[in-house]
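> I need the structure of the sequence given here:
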Amino acid sequence: MRLTRADLTDLYYGSGKHTRLYHLALTALDIVVIVYFLATVRIEHISFYRIIDVAIFLVFTLELAVRFWIEKERKWFFFRPSTVADIVVLASLVVPLLVENLGFLRVLRTLRFIRVFRLSDSFRRLLPIRKRQEDVFTATLNLLVFIFVVTSTVWVLEARINPDLNNWIDALYFTVATLTTTGYGDITLHDPLGRLLTVFIMIFGVALFLRLAQAIFRPAKVHYTCRSCGLMVHDPDASHCKHCGAVVHIETEGEW
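Below you'll find the model as predicted:
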């Protein structure tokens, strides 16, 4: 059976059962691959692991090529965060086949966890999120992705030189304690790179945490672009734009 461009477009962006099953399969594959990355990130890659890396590279390259083929606006395709994440992951899989600098490879392997951003995109497609819940869902997902990627980075870069980090859970504990500015001090990063990583966690992690709190506790807003003045955010029960007074037709689910 030959799949046409229309068939693949429906498979990716349709609303039928086959679309959900396909995205469920992609999500399961992403989870398996991320677990593999986490389990092997500190292992010196022998031929067996390189074969697996090549297989993952080929599968992801094929999936990226299919998405590019069915894309309508191709000029923006490679500027999208999910596409950039895919390209970074593909590079992190193929570069170790050409470079033997193990210190460099340990840093490069951390970039593979950017695949989590693709996983978050899959979750958005699989889970039926209502408009009023979208901001909370997005903020929660962004924070969880940040925690996972940073925790994995701390574990990979610091576990070999920091006796306080004995496993991935210790790295998670340090990341959350730093992000929430609790700072118990029982686990600290002493080297210059570790200190810079700590600063990065505090600045960006706190910002994401506050963004989540804002999404939860602020009054719910609806994203709708006013045709008259361009205002994009309105109260959910608004019938007129608060900026210019024009009539707005906001779709609701009858719960306001």
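> What separation do you get for the nearest residue to residue 246 once chain neighbours are set aside and residue 237?
Take residue 246 and drop its neighbours on the chain: the residue closest to it by C-beta to C-beta, 6 or more residues apart in numbering is residue 228, 3.7 Å away. Bear in mind the C-beta positions are built from the backbone N, C-alpha and C, glycine included. According to C-beta to C-beta, to the nearest Å, residue 228 and residue 237 sit 19 Å apart.
> same check, this time on residue 187
Taken as C-beta to C-beta, the span from residue 187 to residue 237 is 48 Å.
> do residue 208 as well
Residue 208 is 29 Å from residue 237, by C-beta to C-beta.
> Neighbour count: these two, which is higher?
Of the pair residue 208 and residue 237, residue 208 is the one with more neighbours under other C-beta atoms under 10 Å, namely 18 against 9.
> pretty sure the more buried one is in a helix, no?
Yes: Residue 208 sits within a helix when classified using DSSP: H, G, I helix; E, B strand; the rest coil.
> Just to check, it is in contact with residue 145?
No: the pair residue 208 and residue 145 does not pass the contact test of C-beta atoms under 8 Å, sitting 9.2 Å apart.
> For the stretch 1-150 of the chain, give me the ranges with low pLDDT.
The model of the stretch 1-150 of the chain has pLDDT under 70 over residues 1-2, 41-46, 99-134.
> any idea where the helices of it begin and end?
Assigned by DSSP state H, counting those that start in this stretch, the stretch 1-150 of the chain shows helices spanning 5-13, 17-40, 47-70, 81-94, 102-110, 115-126, 131-158.
> Looking at those helices, spot the one closest to residue 167.
helix 131-158 (8.0 Å; C-beta to C-beta).
> Which elements pack onto the closest one?
In terms of contacts (3 or more C-beta pairs under 8 Å, 6 or more residues apart in numbering; DSSP states H and E), helix 131-158 is packed against helix 102-110, helix 115-126, helix 168-179, helix 192-200, helix 206-217, strand 222-223.
> which residues touch residue 181?
By C-beta atoms under 8 Å, 6 or more residues apart in numbering, residue 181 lies in contact with 202, 206.
> re the thing from before, okay, and the residue nearest to residue 246 sits in which element?
Using DSSP states H and E, residue 228 sits within no helix or strand.
> For it, the count of nearby residues, please.
Residue 228: 13 surrounding residues under other C-beta under 10 Å.
> Now do it against residue 238, distance only.
In this view, residue 228 and residue 238 are 13 Å apart by C-beta to C-beta.
> repeat for residue 91
From residue 91 to residue 238 the distance is 46 Å (C-beta to C-beta).
> Could you do residue 84 as well?
Going from residue 84 to residue 238 by C-beta to C-beta gives 36 Å.
> repeat for residue 88
Here residue 88 is placed at a distance of 41 Å from residue 238 (C-beta to C-beta).
> Can you tell me how far residue 142 is from residue 248?
According to C-beta to C-beta, residue 142 and residue 248 sit 28 Å apart.
> neighbour-wise, which of the two wins?
Neighbour count, other C-beta under 10 Å: between residue 142 and residue 248, residue 248 has more, with 20 against 15.
> quick one, what contacts the more buried one?
So residue 248 contacts 224, 226, 234, 238-241 (C-beta under 8 Å, 6+ apart).
> could the residues you listed be laid out in CSV, adding neighbour count?
What follows is the contacts of residue 248, written out as CSV (neighbours: other C-beta atoms under 10 Å):
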residue, neighbour count
224, 18
226, 20
234, 20
238, 18
239, 10
240, 12
241, 19
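> Just give me the least confident of those residues.
Ranked by pLDDT, these bottom out at residue 234 (70).
> who's in contact with that one?
Applying C-beta under 8 Å, 6+ apart, the residues near residue 234 are 221-222, 224, 226, 241-242, 248, 250.
> quick one: it and residue 85, what's the gap?
Taken as C-beta to C-beta, the span from residue 234 to residue 85 is 32 Å.
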